[in-house]
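Chemist: what's the 3D shape of this:
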Amino acid sequence: MSNGNTFSNVGADGASFTAVPPPAGGMQRAADGTSGTNGDKSCSAGGVNGADGTTGYTGQTGGSGTNGGSGSQVQITISVMEGNYTCTTKGGNGGNGGTGGQGGPGQDGGNAGPANGNCGATLQGLGGKGGTGGPGGTGGNGGNAGQIYIRYSSGSPTFNCSVTAGQKGQPGVGGGGGAGGMGRNGQGPTGDGGATGPDTATSGTNGQIFINGVAQAS
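Modeler: Numbers count the residues shown, from 1 in each chain. Down below sits the predicted model:
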């Protein structure tokens, strides 16, 4: 667009992903223990403890930021130019990646097997560790800056021109670890936090400024 002697073309910034995925779901309790086999005067075969809980489910991956738009080229062709001209083309910045989802709760340990005659009850299983948080999402790519072309035949204008590439979006942070499951020693350990998303986005590339066909330093 232009305003007087100001000409600009700026690409739209990409959208950051702000919604957080829901926490990962839980699991049914681990298998219960079994009672021992009762003999006439003693326990002939011991029972089985409740099964230990397993680690909870990993959280979901955060959403990705969108790419920044590219700044289109600016072309100015005027026979006689006087005064100062400001020309800008800029790529949009990439959106940031979203936060990963929280890990699921660890599985609860299985219930103890009941007592049976001369056989005592068995032990409840241990609570499982909470699930690992989901990894963060990727950022969007930055948009490219366009070219600026200025052509004139006469006059003594001055120019203030810039071409600026859009910056890449930042990856999202990982989600929190899930709560430990419950078992005979109380609550199991909390899950590990998720990893930061991959830093795979790229910034845009700069355009070039040409005045009467001569490339200018930018």
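
Chemist: Which SSE is immediately downstream of the lowest-mean-pLDDT helix or strand in the chain?
Modeler: Across the helices and strands of the chain, mean pLDDT, DSSP states H and E gives its lowest value to strand 2-3, namely a mean of 52. Sequence order places strand 6-10 as the next helix or strand after strand 2-3, per DSSP states H and E.

Chemist: Please state the mean pLDDT value computed over that next one.
Modeler: Mean pLDDT, strand 6-10: 87.

Chemist: Likewise for stretch 60-67?
Modeler: On average, stretch 60-67 scores 97.

Chemist: Distance of the most centrally placed residue in the chain relative to Ala31?
Modeler: Of all residues in the chain, the one closest to the mean position by C-alpha atoms, centre = their mean is Gly137, 2.0 Å from it. Applying C-beta to C-beta, to the nearest Å, the value for Gly137 to Ala31 is 37 Å. In this view, the C-beta of every residue, glycine as well, is placed from N, C-alpha and C.

Chemist: Equivalent analysis for Gly59, please.
Modeler: Separation of Gly59 from Ala31 (C-beta to C-beta): 25 Å.

Chemist: Could you verify my assumption that Gly193 touches Gly175?
Modeler: Yes. Using C-beta atoms under 8 Å, Gly193 is in contact with Gly175, at 7.2 Å.

Chemist: Which neighbours do the two have in common?
Modeler: Residues touching both Gly193 and Gly175 by C-beta atoms under 8 Å, 6 or more residues apart in numbering: Gly133.

Chemist: The two: who's more crowded?
Modeler: The neighbour count for Gly193 versus Gly175, taken as other C-beta atoms under 10 Å, is higher for Gly175 (31 against 18).

Chemist: ok now do the more buried one, which residues does it touch?
Modeler: 20-21, 59-60, 62, 99-103, 133-136, 193-194.

Chemist: if you set the cut-off to 10 Å instead, what comes out?
Modeler: Residues counted as contacts of Gly175 (C-beta atoms under 10 Å, 6 or more residues apart in numbering) are 20-21, 23-24, 58-62, 98-103, 131-136, 191, 193-195.

Chemist: Mind checking which of those land in helices?
Modeler: Among those, DSSP state H puts none in helices.

Chemist: can you pull out the strands in the chain?
Modeler: Taking DSSP state E as the criterion, the chain carries its strands at 2-3, 6-10, 37-38, 43-45, 74-80, 84-90, 148-154, 158-164, 182-183, 186-187, 209-211, 214-216.
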